[in-house]
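Asker: I'd like to go over a predicted model; first the sequence, then the structure.
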Amino acid sequence: MDYRLRDFLTRIAQPHEWLEADSPEAAILLGRLGIADVDLPVVVDGDEVYVGATVERIAAAWGLLEPPKRSHYDLAIIGGGPAGLGAAVYAASDGLATIVIERDVPGGQASHTSAIENFFGFPDGIGGAELARRAGRQAERFGAEVAILRGALGSRILGASDRVGLALEGGEEITASVVLAATGMTWRRLELPGVDGLLGRGVYYGAGRSEAPRCKGEDVVVIGGGNSAGQAVLNLAKARARVLMVVRAARLSESMSAYLVERIESDPRIEIRLRTQVTALAEDGGRLSSVTIADDAGKQETRPAQALFICIGGVPQTAWCPTEGIRIDAAGYILTGTDLLAPGDRPQGWPLDRDPLPLETSRPGVFASGDVRHGSTKRVAGAVGEGAMAVALALRRLAELGVEP
């Protein structure tokens with residue numbers, strides 16, 4: 001629970017100081033507050049003290065869980081990653097009544113990335129969470145709503161109007177003329193005994209931006225060979241951790257940008273083990289203490305590790321698609337546009353006298369963009385571009401429905 005709260009505060013850029021429960025500083029603070037033997041974590045916010053604090057409780061106290069302001073929207077965007085936020089900026093600036101529905105906080109997987117250095121317009125790079133915060137503020141400035149910590153539970157078509165009814169977590173229901181699915185990816189799970197029991201206690205999915213400052217002088221392991229793993233090892237090395245990078249591939253360049261490969265290979269604080277994978281974890285006192293790695297010849301080695309960051313790619317968040325009538329490919333990505341026409345026919349049950357528009361799914365008026373879509377580039381800039389493209393197509397669908405923005 002404490003890791004999730006730290007991660008939340010880091011990703012929303014809330015300045016804070018974290019004290020370990022058994023530290024002298026924490027004991028002094030709790031004594032001054034006159035509390036002891038309470039449920040942790042404790043959040044002190046000015047004169048307010050939250051015992052047994054959760055992300056949801058803090059978000060509610062800070063007014064971040066407001067219900068939707070409208071009952072109907074021109075465009076409802078499910079997912080607040082780069083594709084969803086990009087769409088929100090362009091839709092709202094074009095005058096569409098727009099809402100972004102995000103189960104977590106804005107940014108998606110990109111918000112876990114310490115730096116995005118090849119994003120257009122940022123020559124010095126930008127943190128993924130910072131990019132998401134800026135995009136969210138920009139969308140809100142144009143009038144879009146960004147609803148965080150609130151997911152969509154399901155949808156239904158409302159009669160001849162073709163409006164889509166969306167049931168949201170929290171009990172609210174809204175309608176929308178057009179829906180954009182930008183649900184993105186979730187981290188691929190590491191299938192290894194003991195992983196789940198150590199989550200938040202030394203084992204983390206993603207680059208661990210909130211944990212890097214706590215790793216100074218510690219032995220840490222990063223699994224993965226993509227750009228997110230590359231940024232993670234560089235960020236951890238910068239925080240003066242001793243970093244072991246475990247990669248199954250024969251070379252980093254197989255799935256990592258050249259500029260990251262060059263930096264990692266020239267950094268003496270980073271040890272790279274290729275053709276290698278983690279095969280076992282060990283704990284001490286309920287926290288990760290070491291990992292066992294094995295190369296492709298079967299040679300094993302146990303290494304001390306106070307933290308393990310798992311960056312092994314993702315899987316599309318499309319478990320909801322079959323019940324919603326949205327076609328996906330064999331890997332779970334949403335099919336759109338011409339990919340729905342092989343072998344030349346329109347999707348079964350398609351009700352319109354036209355082919356699906358680019359980015360349109362097998363349900364008319366429901367579009368998909370970003371990493372969740374079959375054929376996407378899996379790049380932040382590509383996701384933002386698809387979000388903008390989806391808005392142009394949404395306008396065509398609204399005209400088809402006779403809806404004036």
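Answerer: Received it, and whenever you're ready, just let me know what you need. Remember, it's a predicted structure, so these values are computed and weren't measured experimentally. Residues are numbered from 1 along each chain as shown.
Asker: neighbours of Leu281, just the number please.
Answerer: 22 (other Cβ atoms under 10 Å). C-beta: built from backbone N, CA, C; applies to glycine.
Asker: pretty sure it contacts Val291?
Answerer: Yes. Using Cβ atoms under 8 Å, Leu281 makes contact with Val291 at a distance of 5.7 Å.
Asker: overlap in contacts of those two?
Answerer: Between them, Leu281 and Val291 share these contacting residues under Cβ atoms under 8 Å, 6 or more residues apart in numbering: Leu308.
Asker: By mean pLDDT, flag the weakest helix or strand of the protein.
Answerer: strand 152-158 (a mean of 85; mean pLDDT, DSSP states H and E).
Asker: Which positions within the helix or strand just after that strand qualify as buried?
Answerer: Using DSSP states H and E, the next helix or strand after strand 152-158 towards the C-terminus is strand 163-168. By 16 or more other Cβ atoms under 10 Å, the buried positions in strand 163-168 come out as 163-164, 166, 168.
Asker: How about residues contacting strand 163-168?
Answerer: Against strand 163-168 from outside (Cβ under 8 Å, 6+ apart): 68, 72, 76, 78, 101, 147, 150-158, 173-179, 365-366.
Asker: which among the residues you listed end up buried?
Answerer: 68, 76, 78, 101, 147, 150-152, 155, 174-179, 365-366.
Asker: Hmm, Arg242 is touching Asp219, no?
Answerer: Yes. Arg242 lies in contact with Asp219 (Cβ under 8 Å); the separation is 5.0 Å.
Asker: ok, the two, which is more surrounded?
Answerer: Arg242 (20 against 17).
Asker: Outline the domain layout of this structure.
Answerer: 2-61, 72-187+317-401, 196-312 (automatic domain parsing).
Asker: okay, how far is it across the longest one, tip to tip?
Answerer: The one in question is domain 72-187+317-401. Length of domain 72-187+317-401, first residue to last, Cα to Cα, to the nearest Å: 15 Å.
Asker: Could you check how far it is from the centre of its chain?
Answerer: Here domain 72-187+317-401 shows a centroid-to-chain-centroid distance of 14 Å under the convention Cα atoms, centre = their mean, to the nearest Å.
Asker: other SSEs contacting the least confident helix or strand of the chain?
Answerer: strand 163-168, helix 321-324 (3 or more Cβ pairs under 8 Å, 6 or more residues apart in numbering; DSSP states H and E).
Asker: mind listing what's buried in the longest helix along the chain?
Answerer: Secondary structure assigned by DSSP state H gives helix 380-401 as the longest helix of the chain. In terms of neighbour count (16+ other Cβ under 10 Å), helix 380-401 has its buried residues at 380, 382-387, 389-391, 393-395, 397-398, 401.
Asker: got it, and stretch 361-368?
Answerer: Those would be 361-368, for stretch 361-368 by 16+ other Cβ under 10 Å.
Asker: if we take those residues, which one ends up nearest to Ser210?
Answerer: Distance to Ser210 across those (Cβ to Cβ) is lowest for Ala368, with 30.3 Å.
Asker: I'd like to know how far the closest one sits from Leu96.
Answerer: Look at Ala368 and Leu96: by Cβ to Cβ, to the nearest Å, they are 18 Å apart.
Asker: what does Glu17 give?
Answerer: Distance from Glu17 to Leu96, counting by Cβ to Cβ: 41 Å.
Asker: Please apply the same query to Pro82.
Answerer: When Pro82 is compared with Leu96 (using Cβ to Cβ), they lie 19 Å apart.
Asker: angle of the helix or strand containing Ala92 against helix 380-401?
Answerer: Using DSSP H and E, Ala92 sits within helix 82-93. Put simply, helix 82-93 runs at 50 degrees to helix 380-401, going by axes from the mean of the first three to the mean of the last three Cα atoms, to 10 degrees.
Asker: Pick out whichever of Pro82 and Leu96 has more residues nearby.
Answerer: For Pro82 versus Leu96, neighbours defined as other Cβ under 10 Å are more numerous around Pro82 (34 against 24).
Asker: Skip the chain neighbours and tell me the closest residue to that one.
Answerer: The shortest distance from Pro82 to any non-neighbouring residue, by Cβ to Cβ, 6 or more residues apart in numbering, is to Ala383 (4.1 Å).
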